[in-house]
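1. Following is a predicted model, sequence given first.
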Amino acid sequence: MLDENVVRMLSANSDVRSLATTPFPGSDYQPPVVTAVKEQYNLHEILQYTNIYTISDGIYRRDGDVSGIVNRYGHMCKMAYGGIFIEAGKTLDTGEEDLLQAAKDCADLLDFEAEFLAIGIDMIKDGDVVKHMVWDKDGVSKLQALPRRFLTSVKDVGQTTTQYNWITEINKYVLFERTAQQEIFEADTCVHFAMNNKSQFVSDILSRTTFGVWSVPPLEPLLGTIEWKVNAVINDILWTHRNVPREHHRLDLSMYIPENYSGTPQERQAQAEAAGQAAADAYSASISNQNSDVAYITDAITQIGFVEPKSTNYQSPNEKLRQINEGIANALGMAPIMRDQSFAGAVMSGSFAMLNVESIAKIIRRGMLKILRHSIRVKYGPRFADEDLMKLKMRIKLILEKDKTEVMRQIAIMDDSGKFTPTEIRAEWGKEPLTDKDIEEIARFQVLMEKEKKKFTSVARVAADTVRGVNQDQFGGYPIAPSDVGRRDAATQ
């Protein structure tokens, strides 16, 4: 909970009080500054949880900078997905065409693009994603996401661990283990997408030690940094709010002095203070809740001015926050382009981010191909042999719009060198090898272009002769001099 003293301090100012009382009478409305600080305190409370996956989800939902980076990974993974193809000869036979269509139908039904987006986001948040395949006679119809914050994996349900006896084998995934809502999923009905679970010690949500089962969540090493950021943001909000210019109304209270009252000295002092306070309160009530463009009407003695902070150069929190955000982005592999960064540095940072995304997309591809082959195997049975199913491939190639020109330049260089096959060159653009149909179409196009080129050359030569002033009819169709041949040919090139 936000400290009530902080709320009272923030609400003490008259302009904040007016904001709190005017917009929505009867509502729970609070001034923006109070709401902003409360949001940061809520994130601070989330960081105190023991379930790292609850913490990761809270950071993702409440920290805009982290959320932006995580979402960027997800969308780039989605863009890296290039569809399904079959790795076969130049021409697909009827069986391969049927297999490819079945695979594309499955990918459309399960919405592979959306899965790449969702899995990419969850892998950056949690390190692992587990999907349960729901299927019937028509194949896999749904991929059920198992929320990581409630999920465990065991060899046997109820398994315990000791200092030298860890969970290293997965036979079952369990939701809400050891509760009345416990739900068990056999491992062979699930697909596990892991960032890096080959040799990691990770405690599960029941504090049991696992090895080679789960990945370390990428956000876990950043918990201290994010806590530091939360503290810096709170301090910056409070400092900024306290250091804006304030109206200063100077009232003439000279008549409220002890000499104007009767009684003992203490009584006269108390009466003077009470009268002065009452006058100040009455004046404050008369001007409270006024709009900023309303003029004040006072006596000739009352003075209204502004009190401003002696220094407004305290920018350290903002600079510190920028550095913290850059550190978070670097740790997550999505380095920001900094103001003083060179072009070469920006290219290197972008290239490294692309490599990270493609690496994650390839992990997702492995699991999605498993789902795809299982769905076809369930639906079509022995119609497609396992060796046929292994021909199904998934294209992963991330080319951002800004990089397309550079990729085309590289492809042109590869083609001119004569050292690369068409298949290798097409792979650079994320395309599968040419089929016989593609080759025939390209050949027809090249013949057409050659005809157009000859037409253009013929017209260009006539134009060149005309420019030279040569009348070929007058000289029997030949140029005036042999040297004109070279000039004519050069003009047509």
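-> Okay, I see it.
2. State the mean pLDDT of stretch 442-449.
-> Mean per-residue pLDDT for stretch 442-449: 79.
3. Residues touching it, excluding its own?
-> residue 434 (CB atoms under 8 Å, 6 or more residues apart in numbering). C-beta coordinates here come from the backbone N, C-alpha and C atoms, glycine included.
4. which stretches of the stretch 101-250 of the chain form strands?
-> Using DSSP state E, counting those that start in this stretch, the strands assigned to the stretch 101-250 of the chain run over residues 128-136, 139-145, 151-154, 172-175, 183-186, 190-194, 201-203, 209-211, 246-250.
5. What separation is there between residue 111 and residue 368?
-> Going from residue 111 to residue 368 by CB to CB, to the nearest Å gives 11 Å.
6. These two - which one has more neighbours?
-> The neighbour comparison of residue 111 against residue 368 (other CB atoms under 10 Å) goes to residue 368, with 24 against 12.
7. surely the more buried one meets residue 394?
-> Yes. Between residue 368 and residue 394 a contact is recorded at 6.4 Å, counting by CB atoms under 8 Å.
8. host element of residue 439?
-> helix 436-468 (DSSP states H and E).
9. Where is the longest helix in the protein?
-> The longest helix of the chain (DSSP state H) is helix 343-380.
10. what angle do that one and strand 128-136 make?
-> 30 degrees (axes from the mean of the first three to the mean of the last three CA atoms, to 10 degrees).
11. Helix 343-380: how far from the chain's middle?
-> Relative to its parent chain, helix 343-380 has a centroid offset of 16 Å by CA atoms, centre = their mean, to the nearest Å.
12. Please identify the buried residues of that helix?
-> Buried residues in helix 343-380, counting neighbours by 16 or more other CB atoms under 10 Å, are found at 349-350, 353-354, 356-358, 360-361, 363-365, 367-369, 371-377, 379.
13. Now the element after that helix, going C-ward?
-> Heading C-terminal from helix 343-380 (DSSP H and E), you reach helix 386-389.
14. Can you tell me what sits against the following helix or strand past that following helix?
-> Following helix 386-389 in sequence order, the next helix or strand is strand 392-396 (DSSP H and E). Contact with strand 392-396 is made by 80-87, 99-100, 103, 358, 361-362, 365, 368-369, 372-373, 376, 430, 432, as judged by CB under 8 Å, 6+ apart.
15. between strand 392-396 and helix 343-380, how big is the angle?
-> Orientation check (the same axes, to 10 degrees): strand 392-396 against helix 343-380 gives 160 degrees.
16. how far off helix 343-380 does whichever helix or strand comes after strand 392-396 point, in degrees?
-> Remark: after strand 392-396, the chain's next helix or strand is helix 404-417, criterion DSSP H and E. If you take the same axes, to 10 degrees, helix 404-417 sits at 80 degrees to helix 343-380.
17. Now helix 404-417: average pLDDT?
-> For helix 404-417, the mean pLDDT works out to 73.
18. So what's the gap between that helix and the chain middle?
-> Worked out by CA atoms, centre = their mean, helix 404-417 lies 30 Å from the chain centre.
19. what comes up buried for the helix or strand following that helix?
-> Under the assignment DSSP H and E, the closest C-terminal helix or strand after helix 404-417 is helix 422-428. Residues residue 426 are the ones in helix 422-428 that count as buried (16+ other CB under 10 Å).
20. With stretch 113-125 instead?
-> Quick answer for stretch 113-125 (16+ other CB under 10 Å): 115-125.
21. Filter those down to the ones in helices?
-> Counting by DSSP H, the buried residues of stretch 113-125 contribute 115-125 to helices.
22. Under the pLDDT cut-off, which ranges of the chain? List them.
-> Across the chain, the ranges flagged by pLDDT under 70 are 1-32, 88-91, 292-293, 307-317, 336-350, 399-407, 428-430, 455-493.
23. Ok, which of the strands of the stretch 101-250 of the chain comes nearest residue 409?
-> strand 190-194 (34.8 Å; CB to CB).
24. can I get the CA coordinates of the closest one in PDB?
-> The C-alpha trace of strand 190-194 is given here as PDB (Å, rounded to 0.1, in the frame of the first residue of the first chain):
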ATOM      1  CA  CYS A 190       2.600 -31.200 -24.700                       C
ATOM      2  CA  VAL A 191       5.300 -29.200 -26.500                       C
ATOM      3  CA  HIS A 192       7.900 -27.400 -24.400                       C
ATOM      4  CA  PHE A 193       9.600 -24.300 -25.900                       C
ATOM      5  CA  ALA A 194      12.700 -23.600 -23.800                       C
END
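25. Show me what that strand is in contact with.
-> So strand 190-194 is contacted by 119, 123, 127-133, 143, 146, 170, 173, 214-215, 363-364, 367, 370-371 (CB under 8 Å, 6+ apart).
26. change it to 10 Å
-> 115, 119-120, 122-123, 127-133, 143-144, 146, 153, 170, 172-173, 200, 212-215, 360, 363-371, 374 (CB atoms under 10 Å, 6 or more residues apart in numbering).
27. and that strand, how far from the chain's centre?
-> 22 Å.
28. now swap in stretch 85-101 and tell me
-> Centre to centre, stretch against its chain (CA atoms, centre = their mean), the figure for stretch 85-101 is 36 Å.
29. Residue 177: how many residues sit nearby?
-> Counted with other CB under 10 Å, residue 177 comes out at 23.
30. quick one, phi psi at it?
-> Phi and psi for residue 177, reported as degrees, to the nearest 10, are phi -60, psi 140.
31. re earlier: hey, which of the strands of the stretch 101-250 of the chain is tucked in deepest?
-> strand 151-154 (a mean of 24; mean count of other CB atoms under 10 Å).
32. What helices and strands are in contact with that strand?
-> In terms of contacts (3 or more CB pairs under 10 Å, 6 or more residues apart in numbering; DSSP states H and E), strand 151-154 is packed against strand 128-136, strand 172-175, strand 183-186, strand 209-211.
33. Out of those strands, which gets nearest to residue 107?
-> Of the helices and strands packed on strand 151-154, nearest to residue 107 by CB to CB is strand 128-136, at 14.3 Å.
34. ok, that closest one: who's next to it in the sheet?
-> strand 139-145 (antiparallel), strand 190-194 (antiparallel) (DSSP bridges).
35. Alpha carbons only: can I get that strand in CSV?
-> Provided in CSV are the C-alpha atoms of strand 128-136 (Å, rounded to 0.1, in the frame of the first residue of the first chain):
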residue,chain,number,x,y,z
ASP,A,128,9.8,-21.4,-21.1
VAL,A,129,6.4,-21.9,-22.7
VAL,A,130,4.4,-25.2,-22.6
LYS,A,131,1.5,-25.8,-25.0
HIS,A,132,-0.9,-28.7,-24.5
MET,A,133,-2.1,-30.2,-27.8
VAL,A,134,-5.9,-30.8,-28.0
TRP,A,135,-6.8,-33.1,-30.8
ASP,A,136,-9.5,-35.4,-32.2
